[in-house]
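1. Pasted the sequence and its predicted model underneath.
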Amino acid sequence: MPIKVYVLTDPIIIDFAQDGDIEGFKEYLDSNDTIYFNDPETFGTEAEALAYCAGIGYGKDERGPVERYPLRSSEPEDFPFLEAIENY
């Protein structure tokens, strides 16, 4: 089964995802119709998806705010967020 990876770039959406706040995430999506999500990257294996996600954070200053946050379809805690994105 292919693994989808969505990369979030909106700081507010990233905060909801990092906090695991699916209700706040959905409410934010419902209140804002101008959010743009890139198409997901699709990988054949978990290892490929993990390598891609590791590349997103490579060289990032850990003290700075997160600018890009990946969600993977292979992670149960990410699935509700992915479902909300796909239904947006």
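-> That came in fine, so what should we check first?

2. so residue 73 sits right up against residue 81, yeah?
-> No. Residue 73 lies out of contact with residue 81 (CB atoms under 8 Å); the separation is 10.2 Å. (Glycine included, C-beta is placed from N, CA and C.)

3. Between these two, which is the more surrounded one?
-> A count of neighbours by other CB atoms under 10 Å puts residue 81 above the other of residue 73 and residue 81, at 23 against 20.

4. secondary structure element for the more buried one?
-> helix 79-86 (DSSP states H and E).

5. Which elements pack onto that helix?
-> strand 3-8, helix 22-31, strand 69-72 (3 or more CB pairs under 8 Å, 6 or more residues apart in numbering; DSSP states H and E).

6. From the centre of this protein, point out the most distant residue.
-> Most distant residue from the mean C-alpha position of the chain: residue 63, 20.0 Å away (CA atoms, centre = their mean).

7. How confident was the prediction at that one?
-> As predicted, residue 63 sits at a pLDDT of 71.

8. Name the nearest residue to residue 79, sequence neighbours excluded.
-> residue 73 (6.7 Å; CB to CB, 6 or more residues apart in numbering).

9. What does that neighbour show for phi and psi?
-> phi -70, psi -10 (degrees, to the nearest 10).

10. quick one: it from residue 38, how far?
-> 15 Å (CB to CB, to the nearest Å).

11. host element of residue 17?
-> Counting by DSSP H and E, residue 17 is found in helix 11-19.

12. contacts for that helix?
-> 8, 22, 24-25, 28, 35, 65-67, 69, 71, 78, 81 (CB atoms under 8 Å, 6 or more residues apart in numbering).

13. Reformat these as JSON lines; add distance to residue 46.
-> Output for those, formatted as JSON lines (distance: CB to CB, whole Å):
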{"residue": "8", "distance to residue 46": "20"}
{"residue": "22", "distance to residue 46": "23"}
{"residue": "24", "distance to residue 46": "28"}
{"residue": "25", "distance to residue 46": "24"}
{"residue": "28", "distance to residue 46": "29"}
{"residue": "35", "distance to residue 46": "28"}
{"residue": "65", "distance to residue 46": "28"}
{"residue": "66", "distance to residue 46": "22"}
{"residue": "67", "distance to residue 46": "24"}
{"residue": "69", "distance to residue 46": "18"}
{"residue": "71", "distance to residue 46": "14"}
{"residue": "78", "distance to residue 46": "13"}
{"residue": "81", "distance to residue 46": "18"}
